[in-house]
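**Q** Following is a predicted model, sequence given first.
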Amino acid sequence: MMATLVWLRRDLRLDDNPALTVAAAHGPVAPIFVWAPDEEEPWAPGAASRWWLHQSLSALSAELEAADAPLRLACGPSAEALLAECRRTGARRVVWNRLPEPHLQGRDEAVAHALASAGIETAAFDACTLWRPGSIRNGSGNGFQVFTPFWRAAAAIPVVEPLPRPARLRGVEGDGGGMPPAGLGLLPAVDWAAEMRRAWQPGEAGALEALDAFAAGPVARYAADRDFPALPGVSRLAPHLHFGEVSARRVWHALCQGPPQGAPSEPFLRQLAWREFAHDLLAHHPKTDTEPLRSEFARFPWRSDPEALRRWQCGRTGYPIVDAGMRELWATGWMHNRVRMIAASFLVKDLLIPWQEGARWFWDTLVDADLANNTMGWQWVAGCGADAAPYFRVFNPVLQGARFDPTGAYVRRWAPELAGLPDRALHAPWEAPADVLRAAGVELGRSVPRPMVDHSQARQEALAAYAQVAAGR
DNA sequence: TGAAATGTTGGGGCG
DNA sequence: ACGCCCCAACATTTC
């Protein structure tokens, strides 16, 4: 029987994988992943994403090997690699699950066209989001600009039941022994990933373990614990979802039987819906990855300050909660969401550096870097996006630290040079008496940087800059 | 999914 | 006893 190629991209799972399921129902399956970063510009995977992708492909490769349908790895261009694989296996059909990003649609259409021209049948499926892209509409048929009404409309639409993993896969006769994941060159030349290996288990098994662990406890306390970065209060599913190691539909149904509104897990389901909202927004406004959704922000008086950007990136701003967050990001490829908001607000509102610079840094360093989420998050913080935080909503890094890391456990973990300070001094060491600093071994301006800006002054300047934009509206 | 400034209220010290 | 002031606590407004 003729084999079907399954073109895997960010659906690196066997569970709830429509393309794989359809292929398996037809006969032999030849799964293939094509590494073609040029085709994803300007958003080719960043360094942290490449590390994750390598691990995830290794896991999937082992899984598919054991299932008797070995994964083929190839380098782009995608169309050429797929055509070559069709020739090699004798396949006459290629199936895949759609990617949501607007800037990738042209590539996928071109691939489909190239395959069709060669007489190859193709089929694509929706497997990334909870609700069919474009299906959440307001009364007048438009997309939503505000989350809450989006959520109300979405929650009324049932989420498709996830598919079980195919009972049995059959690979192509005598296949195996292709290029190993290392051949793609995704790993960094210098191994900086030790902390990442400790923090994560990429791959479908790791994703399902994370889901089970979250469902078994934290989800019930999510509303209360999610804002405290020192607590294990959040799911940490984002990178698994980004690479499709578990489907959003699987997560939804694992945490929700019956209607979402009123369910104990509703606070978390709402968070999953933010991901949907982000994808919806990006689909409707494909240029917002680089341009503000609110066009008046195009004339915002941003500063260019590479040195300040650098200090923010490496966690040397002098504000402990910001620096702890930026170092957690650098070490583990992830940052707690509460801290993302604080750190992002600091870059945009205290330093007046364009949100695009922050988005680019997150893109390169986050293992869960996702264009829709990243774009929406940064525009939200900057106040120029949908459902945006009004620009005057400026986070005070000292108050936020004291409120959400009251014991200092988070700051002490990621900024250990401050660990000896008493809780009270931890979030504003420059205000501590000299003897307290000495006792803690803290030398302001040496072991610990002084705050690079005065927050209350920076806030005034941010408000003035905003007034300038608002005036011209 | 803010924070600061400003306004209001009420208790207590005190002349 | 009474009015005055101070200020904490809370509410509202403003940025």
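**A** Nice, thanks for sending it over.

**Q** Give me every residue in the stretch 351-473 of chain A lying close to DNA strand B.
**A** Within the stretch 351-473 of chain A, the positions near DNA strand B by Cβ under 7 Å from any atom of the strand are A:380, A:387, A:389-390, A:392-396, A:399-400, A:403, A:455-456, A:459. Any C-beta I mention is one placed from the backbone N, CA and C, and that applies to glycine too.

**Q** and the residues you listed, which are buried?
**A** A:380, A:387, A:389, A:394-396, A:400, A:455, A:459 (16 or more other Cβ atoms under 10 Å).

**Q** so which pair among the residues of the stretch 351-473 of chain A next to DNA strand B is furthest apart in space?
**A** A:Asp387 and A:Ser456 (27.3 Å; Cβ to Cβ).

**Q** Output the below-cut-off pLDDT ranges for chain A.
**A** Confidence mapping of chain A against pLDDT under 70 gives the ranges A:176, A:472-473.

**Q** Can you tell me the centre-most residue of it?
**A** Most central in chain A under Cα atoms, centre = their mean is A:Asp368, positioned 3.1 Å from the mean C-alpha point.

**Q** Could you tell me how far stretch A:322-340 lies from the centre of the chain?
**A** In terms of Cα atoms, centre = their mean, to the nearest Å, the centre of stretch A:322-340 is found 13 Å from the chain centre.

**Q** That stretch spans what distance, first to last residue?
**A** Criterion Cα to Cα, to the nearest Å; first-to-last residue distance in stretch A:322-340 is 9 Å.

**Q** Now do the same contact list for the residue in the stretch 51-200 of chain A positioned nearest to DNA strand B.
**A** Nearest residue of the stretch 51-200 of chain A to DNA strand B: A:Phe147, at 6.0 Å (Cβ to the nearest atom of the strand). A:Phe147 makes contact with A:273-274, A:277, A:386-387, according to Cβ atoms under 8 Å, 6 or more residues apart in numbering.

**Q** ok, those vs DNA strand C, which is closest?
**A** Closest to DNA strand C out of the contacts of A:Phe147 is A:Asp387 (16.3 Å), distances taken as Cβ to the nearest atom of the strand.

**Q** close enough to count as contact, the closest one and A:Gln145?
**A** Yes - assessed by Cβ atoms under 8 Å, A:Asp387 is found in contact with A:Gln145 at 6.9 Å.

**Q** for stretch A:254-263, how far is the first residue from the last?
**A** Terminal residues of stretch A:254-263 are spaced 12 Å apart (Cα to Cα).

**Q** what comes up buried for it?
**A** Under 16+ other Cβ under 10 Å, the buried positions of stretch A:254-263 are A:254-256, A:260.

**Q** cool, and stretch A:27-45?
**A** For stretch A:27-45, a neighbour-count test (16+ other Cβ under 10 Å) marks A:28-36, A:39-40, A:43, A:45 as buried.

**Q** For it, output the C-alpha coordinates as CSV.
**A** This file holds the C-alpha atoms of stretch A:27-45, laid out as CSV (Å, rounded to 0.1, in the frame of the first residue of the first chain):
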residue,chain,number,x,y,z
GLY,A,27,-1.6,2.7,5.4
PRO,A,28,2.1,3.1,6.0
VAL,A,29,3.2,6.4,7.6
ALA,A,30,6.4,8.3,6.9
PRO,A,31,6.8,11.1,9.4
ILE,A,32,9.2,13.8,8.4
PHE,A,33,10.5,17.1,10.0
VAL,A,34,12.1,19.6,7.8
TRP,A,35,14.4,22.2,9.3
ALA,A,36,14.0,25.3,7.2
PRO,A,37,14.6,28.4,9.4
ASP,A,38,15.0,30.7,6.4
GLU,A,39,11.4,30.1,5.5
GLU,A,40,10.3,31.4,8.9
GLU,A,41,12.0,34.7,8.8
PRO,A,42,11.8,37.2,10.4
TRP,A,43,10.8,34.8,13.2
ALA,A,44,13.1,31.9,12.7
PRO,A,45,13.4,30.0,16.0
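
**Q** Pull the distance from that stretch to the chain's centre.
**A** In this view, stretch A:27-45 has its centroid 18 Å away from the chain centroid, taken as Cα atoms, centre = their mean.

**Q** If you count contacts, what does the host helix or strand of A:Arg340 end up packed against?
**A** Under the criterion of DSSP states H and E, A:Arg340 resides in helix A:337-345. Applying 3 or more Cβ pairs under 8 Å, 6 or more residues apart in numbering; DSSP states H and E, we find helix A:337-345 packed against helix A:320-332, helix A:355-365, helix A:371-382, helix A:397-404.
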